[in-house]
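Colleague: when you get a sec, could you give me coordinates for this:
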Amino acid sequence: MYKKEAIQLILKDMYKKGMRSGPVKNLYRLIIQSPPEGLVLMNPNIMAVKLDLEQVELLDMVVLGVVCGLFEMQWDMACPHCHGVADHSHDMSGLSARSHCLSCKADFDNFADENITVAISLNPALYEGQAPEPPERRTLDPRVRPVSALELIGAPLFRKYFSSQVPAVDQSVKIRSVTVLFTDLIQSTRLYNAMGDLQAYAFVKEHFDILFSHIVHNAGGVIKTIGDAVMALFREPVDAVRAAFELKQSVNRLFEEKGQKKESYGLRVSISSGTALIVNMNDVLDLFGTTVNVSARIIKFSEKDSVAATPGITDDKKVREYLSQLGIGVKPLNERLKGFPGLNRVDVLSVKGKWFSRLTTG
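Modeller: Alright, predicted model coming up:
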């Protein structure tokens, strides 16, 4: 039924690339015990339940499975009305902003965080004999949440192995709701002069490792680095807020370990939420839109031990509960940002009673 030796070799390669041995063994058993038709266009989240995988590890399994040749991946564009897959593509360049559902006889918008989802199939070359044909029409089970395109795009391994996967030049993929986080080292120019080029480069690299680790741990994904700054995305605002304070604490500790004056340096962090677009920016996947621009602009209000956020973040119920639990206060600033007429308040989040003067950006 299946080419077991070939599957075993691929799984060994996935293990070498970082997948844990337990899930590798479980994945092998799942494959060889499944009927052929059960391995066609699978919802990865159903596999996660069967394999007892957390979300981050599941996304890594999907990416490594495709890279190593175990799976083929498909991007589905499902009708929001009947949940039928109206269109699909094997590459991000085939994603479209709108699709047409033949069953509903209606056009609909596609959103990376909602109805653009990911399905995986066992590589046809791994069957003994002919692989089963995919069904002509599929309907997604609304009771089981699929893996969204946004979740996969945010996975670090996806960015590592599929950096060339971008929307077509004339297309953009909409996101209905996303949280965007920016970081910026405080007084970076002064820091570089104090450390020297070689040590400064090593420091920035180490600080990136810390940022990436906390972002991924909190269900976020790094979209890009800009000099010594990072832009990351999160599905839930509370995950971004939790990550923000972890980032600041860890970077402050790093400065102390390197013998730098802790009152002089630190990490600015800003967070905003709203709609955005996934775009092809010079053949590199990027985020575009007001939400991104606002987060980048309000970072100047963040201090060494505080985070700048838009009201959409602090008004979130889960965020308010998190801030209350940790004793983090919200200080509203009446600020009107030029070019953003709808924004007239920026919230500064900090431990109650510990407000620090703003420091000059490097």
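Colleague: where does the stretch 151-300 of the chain have low pLDDT?
Modeller: Along the stretch 151-300 of the chain, the parts satisfying pLDDT under 70 run over 261-264.
Colleague: which residue ranges of it form helices?
Modeller: Along the stretch 151-300 of the chain, the segments classed as helices by DSSP state H, counting those that start in this stretch run 156-161, 188-195, 197-217, 237-257, 290-298.
Colleague: how about the contacts made by the nearest residue to residue 214 once chain neighbours are set aside?
Modeller: Nearest non-adjacent residue to residue 214, counting by C-beta to C-beta, 6 or more residues apart in numbering: residue 246, 4.6 Å away. Bear in mind the C-beta positions are built from the backbone N, C-alpha and C, glycine included. Residues in contact with residue 246 (C-beta atoms under 8 Å, 6 or more residues apart in numbering) are 214, 217-218.
Colleague: in TSV, list those along with neighbour count and distance to residue 156.
Modeller: Shown next, in TSV, are the contacts of residue 246 (neighbours: other C-beta atoms under 10 Å; distance: C-beta to C-beta, whole Å):
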residue	neighbour count	distance to residue 156
214	21	12
217	13	11
218	21	13
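Colleague: what about the longest strand in this structure?
Modeller: For the chain, the strand with the greatest residue count under DSSP state E is strand 267-281.
Colleague: could you pull out the buried residues of it?
Modeller: Within strand 267-281, the residues that count as buried by 16 or more other C-beta atoms under 10 Å are 267-274, 276-280.
Colleague: also stretch 149-159?
Modeller: Buried residues in stretch 149-159 (16+ other C-beta under 10 Å): 149-159.
Colleague: count the residues that sit near residue 226.
Modeller: 12 (other C-beta atoms under 10 Å).
Colleague: and the longest strand of the chain, which strands flank it?
Modeller: Using DSSP bridges, strand 267-281 pairs in its sheet with strand 173-185 (antiparallel), strand 284-288 (antiparallel), strand 306-309 (parallel).
Colleague: what angle sits between that strand and helix 197-217?
Modeller: Orientation note: strand 267-281 sits at an angle of 80 degrees relative to helix 197-217 (axes from the mean of the first three to the mean of the last three C-alpha atoms, to 10 degrees).
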